[in-house]
Every structure is written in C-alpha cells, then in structure tokens.
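Asker: could you work out the structure for the sequence below:
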Amino acid sequence: MSSFLKVSTAKAPGAIGPYSQAIVANGFVFVSGQIPVIPETGEIVSDDIQEQTRQSLKNLKHVLEAANSSLAQVVKTTVFIKNMDDFAKINKVYAEAFGDHKPARACVEVARLPKDVKVEIDGIALMIEAKI
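Answerer: Presented below is the predicted three-dimensional model:
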C-alpha cells in the first residue's frame, strides 16, 4: 500500500471543506482546485477574469512549491470557467504563466463555482524530488 502526504501552505487559500490543498502520492502532486482568493485577506482578487486567472495560477504555484514542485512540473490541469466567452482571456494569462511548457488540459464551463468566482484551476504535477 502506498502512502500519501497532505500538503498545506499559508501562501494559498486554505481548504474550505473536507479536503486538502494538495496530496503527494507516488511522486505526484495532486492539487485541489484553486480559486482567485488572496490568502492574506480571504477576499476575491477582483471581478476581472484575467486577474482572477492570474491569482488562481499564483495560488496553484504556491501549493506546488509547498509540495516541492513547480508549474514547470505540471502534467495536467483542469480549468473550470463560468463563461466560455472568457476562454481567450483565460488562455492569454495561462500561456504567460506556463510559457513554453504546455501541460495537458481540460477546460469546462460550469454553472457556478465556490464564492461565485469566474475561474478555478486544479493540477497534477511531478515532484522535483522527494523532500516532504
């Protein structure tokens, strides 16, 4: 039986339900959906979709770093968006964050997201090395 470790960091919003920010198992980091909440204040960054995407990716990055990983190690993301009309704006910020690294991705329009945000992003990444 393989073991797993819970990941937690104050640099990203805490879990608002019965789940972990991330779990490390078998050399992979499974990051729960990150929404555009500023961890220090608990507030949504703004109503702007690009700022929300940027903050969600920043939160994802901080959770990955707490698990000894990074955006460069991401193999798959899922992007949940409230309005598919925002797809191009989200893609622009997403491309800036990942650069030449292009992990597999699904993008799904949903009826509603936690705290009525416009975007939520989860991810699966490789660990850089087993340090936890």
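Asker: got a list of what the residue nearest to Arg112 when sequence neighbours are not counted touches?
Answerer: Closest residue to Arg112 in three dimensions, ignoring its sequence neighbours and counting by C-beta to C-beta, 6 or more residues apart in numbering: Lys82, at 7.3 Å. (Glycine included, C-beta is placed from N, CA and C.) The contact partners of Lys82, taken as C-beta atoms under 8 Å, 6 or more residues apart in numbering, are 109-113, 117-119.
Asker: just the buried members of these?
Answerer: By the neighbour-count criterion of 16 or more other C-beta atoms under 10 Å, the contacts of Lys82 include these buried positions: 113, 117-119.
Asker: between those residues, which is nearest Gln73?
Answerer: Distance to Gln73, by C-beta to C-beta, is smallest for Val119 among the buried ones among the contacts of Lys82, at 21.5 Å.
Asker: what sits against the closest one?
Answerer: Val119 makes contact with 35-36, 49, 52-53, 56, 79-82, 86, 90, 113 under the criterion C-beta under 8 Å, 6+ apart.
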